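In: 3D, please:
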Amino acid sequence: MKKLSDLLQIAHYGMGNGDNELSLKLIGNYFKLIIEDNRLPSIIVFYNEGVKLLKTDSPISAYLKTIESKGITLMACKTCLDFYGIDRMCAGVKGTMIDIITLQSDAKKVINL
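Out: Got it, this is the predicted structure:
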C-alpha cells in the first residue's frame, strides 16, 4: 500500500486535557485553521472519546463535514462508537482496530491530539 503522508489521531472529546469547554474550543479552532491553511492530513482517525466529535450534534460537525468534502477520510473506531452508543455520525466511516493499525503502519507521520 502507498504510504500516507499524515495520519491524525484524535482520542479525546476536544484537544488536550483540562476544561471541556476550552478543549472543544481548541479542537474547533484547530480544524478551522487546517481547513483555511489547506494543511489537511491524509486521514483522520477517531477513537475512545474522540468518536464523540463525530456525533450529529457535535459542536464541530460543520468543520468535519468540510474536511470530508475535501476528500479526507474520517474513520471512527466501531468498538468505540458502540461503547458510547453512537449510531449516527455527522461525517466519516466506521473502521476496525485492524484498520487503525494498518493506517498507522502505512503513515509517514502520525499526529496525536
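In: which parts of this protein are helices?
Out: Secondary structure of the chain (DSSP state H): helices at 20-36, 61-69, 78-84, 97-106.
In: to E49, which of those helices lies closest?
Out: E49 sits nearest to helix 78-84 of all these, at 7.7 Å, using C-beta to C-beta. To be clear about C-beta, it is placed using only N, CA and C from the backbone, and glycine gets the same treatment.
In: what does the least confident helix or strand in the chain by mean pLDDT contact?
Out: One helix or strand of the chain scores below all others by mean pLDDT, DSSP states H and E: strand 4-10, with a mean of 89. Residues lying outside strand 4-10 but in contact with it, judged by C-beta atoms under 8 Å, 6 or more residues apart in numbering, are 27, 41-47, 50, 53, 103-104, 106-113.
In: next, format the helices of the chain as CSV and append mean neighbour count.
Out: Rendered in CSV, the data for the helices of the chain read as follows (neighbours: other C-beta atoms under 10 Å):
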stretch, mean neighbour count
helix 20-36, 15
helix 61-69, 17
helix 78-84, 16
helix 97-106, 14
